[in-house]
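1. model this:
(4 chains)
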There are 2 protein chains.
Amino acid sequence: MVATESTPIAGRGLRADALRNRQRILEAARRIFEERGVDAPLDEVAERAGVGAGTLYRRFPSRVALVEAVFEQELAEMAGIGEEALRCEDPWVGFSTYLERICAVMAADRGLGDLLLLKLPASGESAGACERHSRAQADLLVRAQKAGVVRDDLVPEDIFLFLVANGAIARLTHCAAPHAWRRLVALLLDSCRPGRNGPLPAAPTPLQAARAQQEHAETKGLRAVSCEGSGDQRDGRGC
Amino acid sequence: MVATESTPIAGRGLRADALRNRQRILEAARRIFEERGVDAPLDEVAERAGVGAGTLYRRFPSRVALVEAVFEQELAEMAGIGEEALRCEDPWVGFSTYLERICAVMAADRGLGDLLLLKLPASGESAGACERHSRAQADLLVRAQKAGVVRDDLVPEDIFLFLVANGAIARLTHCAAPHAWRRLVALLLDSCRPGRNGPLPAAPTPLQAARAQQEHAETKGLRAVSCEGSGDQRDGRGC
DNA sequence: TACCAATCGGAGGAAATAGTCCATTTACTC
DNA sequence: GAGTAAATGGACTATTTCCTCCGATTGGTA
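-> Numbers count the residues shown, from 1 in each chain, chains lettered A, B, ... in the order given. Alright, predicted model coming up:
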């Protein structure tokens, strides 16, 4: 395995000025992704970092590489939110505060919000954190169900649906009604309580959810590299 | 008032070939908006219609004009869905089937889905239909609340939140899990039932919802015309 | 038929974005 | 302090999309 930019000791072996620029790029990208999402123009990142476009592209050959480097730490923190909620004794409090906290993150940081809804292609380093996060989500749900405080017919993929919904509200109402997402989350949490509810339509399968996340990544300019000779025909809805 | 293209007898007075082309443009736009949303490239509409870009722009000087002409009828039909649900005797059935039907429309037609979430600037003709639709939505909600089958703390703006959520799910999972939206709608409907629910965070005010819809329209390339000397500074998140 | 105003269509300018290239500059090594 | 490989940055190409302009064409009429 080649030591890439996203290796733990990232950027080791770079010349001092290169290392400095790398850091400035990461900081600029962090802020710009936060404001505009992970599909923000990279030229703008370069400009804000005070480097040329060439420098940015040499350091991070693809948007995926940059996004991974920028959010490496945050991704782990989000998994941490899930694991922390699991340490909460009350299963309902754990489940509900997890959802509230993660949705708050999405509302406050558009880049992280994007990241929670997509699957990075070949996400070498970040894969571990994503894996931990997914497991924490599923554990939170199952624990709450076993305790009888969440309806039994929910599956982990429903959390993905919740996050998609929350992200959309947060994006759309960010300026006009910055707290609208809280209301949606409260309503969704209500709908999670067990009760006299009829049968639900089928949830997405894990595979379907993963494919949706992957397709979403592509719309954000995070397509996998290589793929030589890609036809790249963009038909109507990409199906 | 000048007789514009979107006058009831649209296109009256045009030469025969111009009228024919106008129709072909509308049909092409209808299909392309359905597949890709109302922000699809107009050049593609022209190409599919088999006319030059100039012809399209002469006939419909702005994207707004084209969108209005294309969806004039559908907009009225959507208001009709609401009014039809009001004629349903059971307030809950009316409310829930309205939501299901309108969400189904959004899932099946991305253009209409877009349209339901935004406010067209100066929507001359379509304003009436939108007005009817909003009133029907509010009436459905209030009637269900008076009958005690929907919790009292919901407001009409919550329906907007529901539609935003549904639109996001529909878009994101359209290929991978085409029926996922049904599950979200079912969950949201559950959350509308009255019960032992705690207080909800504040809903967007009508003004806030309207502003969100308007801002959303702008991101779809549906900005109002004129506005001479517009500064047009696009800062980070447009706030 | 013949005329002309209405219409056409596509060439092309402008803006935004992605990604490459290379002449110049600079940090490290000896 | 000089040499060299690394690093730089912005000019440049390509692409996409919007929108305008104008010479060529054609429908409707006399």
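2. Only C-alpha atoms from now on, for both contacts and neighbour counts.
-> OK.
3. for the lengthiest helix in chain A, which positions count as buried?
-> The single longest helix within chain A, with elements called by DSSP state H, is helix A:63-87. For helix A:63-87, the neighbour count (16 or more other C-alpha atoms under 10 Å in any protein chain shown) marks A:63-72, A:75-76, A:78-83, A:85-86 as buried.
4. And stretch A:199-210, by the same measure?
-> By neighbour count on 16+ other C-alpha under 10 Å, the buried set for stretch A:199-210 is A:Ala203, A:Pro204, A:Thr205, A:Gln208, A:Ala209, A:Ala210.
5. would you list those residues in CSV and tack on pLDDT, secondary structure and distance to B:Arg22?
-> Converted to CSV, the buried residues of stretch A:199-210 look like this (pLDDT from 0 to 100; DSSP: H, G, I helix; E, B strand; the rest coil; distance: C-alpha to C-alpha, whole Å):
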residue, pLDDT, secondary structure, distance to B:Arg22
A:Ala203, 98, coil, 43
A:Pro204, 98, coil, 42
A:Thr205, 98, coil, 44
A:Gln208, 98, helix, 41
A:Ala209, 98, helix, 41
A:Ala210, 97, helix, 42
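6. As a markdown table, the residues you listed with distance to B:Glu131 would be great.
-> Shown next, in a markdown table, are these (distance: C-alpha to C-alpha, whole Å):
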| residue | distance to B:Glu131 |
| --- | --- |
| A:Ala203 | 35 |
| A:Pro204 | 35 |
| A:Thr205 | 39 |
| A:Gln208 | 38 |
| A:Ala209 | 37 |
| A:Ala210 | 39 |
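7. and which of those is nearest to DNA strand C?
-> Nearest to DNA strand C out of the buried residues of stretch A:199-210 is A:Ala210 (C-alpha to the nearest atom of the strand; 22.9 Å).
8. How about the closest one, nearest residue that isn't a chain neighbour?
-> Setting aside the residues directly before and after it, A:Ala210 is nearest to A:Lys119 in space (C-alpha to C-alpha, 6 or more residues apart in numbering or on different chains), at 7.1 Å.
9. The residue lying farthest from the centre of chain A and chain B: what is the separation?
-> Distance from the centre of chain A peaks at A:Arg196, with 33.5 Å (C-alpha atoms, centre = their mean). As judged by C-alpha to the nearest C-alpha, to the nearest Å, A:Arg196 and chain B stand 9 Å apart.
10. State the phi and psi torsions of that residue.
-> When read as degrees, to the nearest 10, the backbone of A:Arg196 gives phi -90, psi 50.
11. go on, the one 4 residues further on?
-> Its backbone dihedrals place A:Leu200 at phi -90, psi 150, with angles given as degrees, to the nearest 10.
12. ok, A:Gln25 to A:Pro178 distance?
-> No, residue A:25 isn't Gln; it's Ile. Look at A:Ile25 and A:Pro178: by C-alpha to C-alpha, to the nearest Å, they are 29 Å apart.
13. for A:Ile159, same thing?
-> According to C-alpha to C-alpha, A:Ile159 stands 22 Å off from A:Pro178.
14. Which one's more surrounded, A:Ile25 and A:Pro178?
-> Between A:Ile25 and A:Pro178, counted using other C-alpha atoms under 10 Å in any protein chain shown, the more crowded position is A:Ile25 (24 against 17).
15. who's in contact with the nearest residue to that one once chain neighbours are set aside?
-> Leaving aside its sequence neighbours, A:Ile25 sits nearest to A:Ala49 (C-alpha to C-alpha, 6+ apart; 5.1 Å). When contacts are counted by C-alpha atoms under 8 Å, 6 or more residues apart in numbering or on different chains, A:Ala49 touches A:Asn21, A:Arg24, A:Ile25, A:Glu27, A:Ala28, A:Ala29.
16. Can you get me a residue count around the first one?
-> Read that as A:Asn21. The burial count for A:Asn21: 19, using other C-alpha under 10 Å.
17. pLDDT value on it, please?
-> On the pLDDT scale, A:Asn21 is placed at 96.
18. list the contacts for A:Leu118?
-> A:Ala212, A:Gln213, A:Gln214, A:Glu215, A:His216, A:Ala217.
19. what mean pLDDT does the helix or strand containing A:Ile102 have?
-> According to DSSP states H and E, A:Ile102 maps onto helix A:91-108. For helix A:91-108, mean pLDDT is 98.
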